[in-house]
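> Predicted coordinates and the sequence they were generated for:
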Amino acid sequence: MVTRAGAGAAVAATAVVALLSAALALYGPPLDSVLERTFSLRKVHSVKDMENTLQLVRNIIPPLSSTTHKGQDGRIGVVGGCQEYTGAPYFAAISALKVGADLSHVFCASAAAPVIKAYSPELIVHPVLDSPNAVHEVEKWLPRLHALVVGPGLGRDDALLRNVQGILEASKARDIPVVIDADGLWLVAQQPALIQGYQKAVLTPNHMEFSRLYDAVLRGPVDSDDRHGSVLRLSRALGNVTVVQKGERDILSNGQQVLVCSQEGSSRRCGGQGDLLSGSLGVLVHWALLAGPEKTNGSSPLLVAAFGACSLTRQCNHQAFQKHGRSTTTSDMIAEVGAAFSKLFET
Ligand SMILES: NC(=O)C1=CN([C@@H]2O[C@H](COP(=O)(O)OP(=O)(O)OC[C@H]3O[C@@H](n4cnc5c(N)ncnc54)[C@H](O)[C@@H]3O)[C@@H](O)[C@H]2O)[C@@H](O)CC1
Ligand SMILES: Nc1ncnc2c1ncn2[C@@H]1O[C@H](COP(=O)(O)OP(=O)(O)OP(=O)(O)O)[C@@H](O)[C@H]1O
Ligand SMILES: [Mg+2]
């Protein structure tokens, strides 16, 4: 952990922490009161809160043990990858493995499959997403998967999106946690009802994806002076689905709590960093739900998982930038996952 490691101010990480107890009603108290309490707490407790939230992340990480069998620490599926985009699903799926999942599957369009297979012998790649039986082909794997990451490199082809809609519906019916990113968010912006109220969904929009979703769900533009309120409002409007708005600081909310992650990264903004985040989050969501709220001290397991994935991605970015500067790419960041994970979580 950075502060304990003595890096002190070199790493600015801030979590604005849990505001309200689990006893809150579904839609919680008025927005203003949540935000007011968020910021008054934050002024006083930011560094302590950061440390406390990272401790909650540590609590959900399963210990390595000689008695666990292959698969127990996570079988993750990434739904994405088309003719244009093969890097994004690879980055997400390999990140899940590097964080500690045992098996990582990619369900992609047929044109993307040989390319993704050639990047890595470690991934299990299914060329099914553009098949007429796509939903069935993915559905038969669902009982063996702990979490899905939907959207990296998916593209916006209507036929593929229709199949992904079916896959999302099948996943919800089985109560499988889903992280929705990239073009998966495009689909959700067209049909918010797809994830409305699904408590095991986490959305990870970047700046543009957030604006699009906000506009689709709340029928108005984002107030750029009020990012925290905007994230809280979107989460509530979606029925308390967890939302992670990525940016200079990552803002996370489940409509009841707001967390802020400003773990020090770098100024390098190469493509693919968000894929590292969503792939890592797939594993952490599984671990957090397995651990349950007693390990997260009453905080939402999904929020704790999301805070962990944001901190880890930013720490990877920081470490890679120290070595490679302007030439840093997402592959350099993935090479840092092990060391970044140890630094943040294995103290
Ligand atoms: N190597 C690959 O295969 C990669 C593929 N990717 C895929 O590319 C597809 C499209 O993703 P995009 O992220 O481009 O989505 P969008 O097509 O919604 O575009 C986002 C746009 O927002 C802009 N933007 C980002 N942050 C901004 C900010 N703070 N202020 C203003 N503008 C901002 C970006 O420049 C980009 O043009 C997805 O399927 C995604 O997964 C990306 O993940 C990158 C890597
Ligand atoms: N201005 C910034 N300063 C520091 N970190 C940032 C900044 N913007 C984004 N990040 C971090 O970069 C990571 C990816 O966020 P980004 O907004 O680039 O996602 P994305 O556009 O979905 O990426 P991708 O190219 O993979 O699709 C997140 O961990 C986020 O915290
Ligand atoms: Mg993205």
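Now that the structure is in, tell me what you want to look at. Ligands and ions are numbered 1, 2, ... in the order given.
> could you pull out the helices for the stretch 101-250 of the chain?
113-119, 134-139, 158-173, 182-190, 207-218, 227-237 (DSSP state H, counting those that start in this stretch).
> tally of neighbours for the closest residue to residue 113 other than its chain neighbours?
Take residue 113 and drop its neighbours on the chain: the residue closest to it by Cβ to Cβ, 6 or more residues apart in numbering is residue 127, 3.5 Å away. Placement of C-beta: from N, CA and C, glycine included. Residue 127 has 19 neighbouring residues, counting by other Cβ atoms under 10 Å.
> and what of residue 143?
8.
> same check, this time on residue 66
Using other Cβ under 10 Å, residue 66 has 4 neighbouring residues.
> Okay, and it sits in which element?
Under the criterion DSSP states H and E, no helix or strand holds residue 66.
> Repeat that for residue 313.
Following DSSP H and E, one finds residue 313 within helix 301-324.
> can you check residue 94 too?
Assigned by DSSP H and E, residue 94 belongs to helix 87-99.
> quick one: that helix near ligand 1?
Yes. Using Cβ under 6 Å from any ligand atom, helix 87-99 reaches ligand 1 at 87, 88.
> who's in contact with that helix?
Helix 87-99 has contacts (Cβ atoms under 8 Å, 6 or more residues apart in numbering) with 74, 76, 78, 80-81, 103-106, 108, 112, 116, 119-120, 122-123, 149, 152-153, 181-182, 271-272, 275-280, 282-284, 312, 330, 334, 337-338, 341.
> how many neighbours does the residue in the chain that ligand 1 sits nearest to have?
Among all residues of the chain, residue 87 sits closest to ligand 1, at 2.5 Å; criterion: Cβ to the nearest ligand atom. By other Cβ under 10 Å, 21 other residues sit near residue 87.
> just residue 216 next, same as before
When neighbours are defined as other Cβ under 10 Å, residue 216 has 16 of them.
> Residue numbers of the stretch 151-300 of the chain in contact with ligand 3?
Taking Cβ under 5 Å from the ion as the contact definition, the stretch 151-300 of the chain meets ligand 3 at 182, 274.
> again, only this time at 6 Å
Residues of the stretch 151-300 of the chain lying near ligand 3 by Cβ under 6 Å from the ion: 181, 182, 206, 274.
> for those residues, which one is nearest ligand 2?
residue 274 (2.4 Å).
> Run the chain-centre distance for the helix or strand where the closest one lies.
According to DSSP H and E, residue 274 maps onto helix 273-291. Its chain's C-alpha centre and that of helix 273-291 lie 6 Å apart, by Cα atoms, centre = their mean, to the nearest Å.
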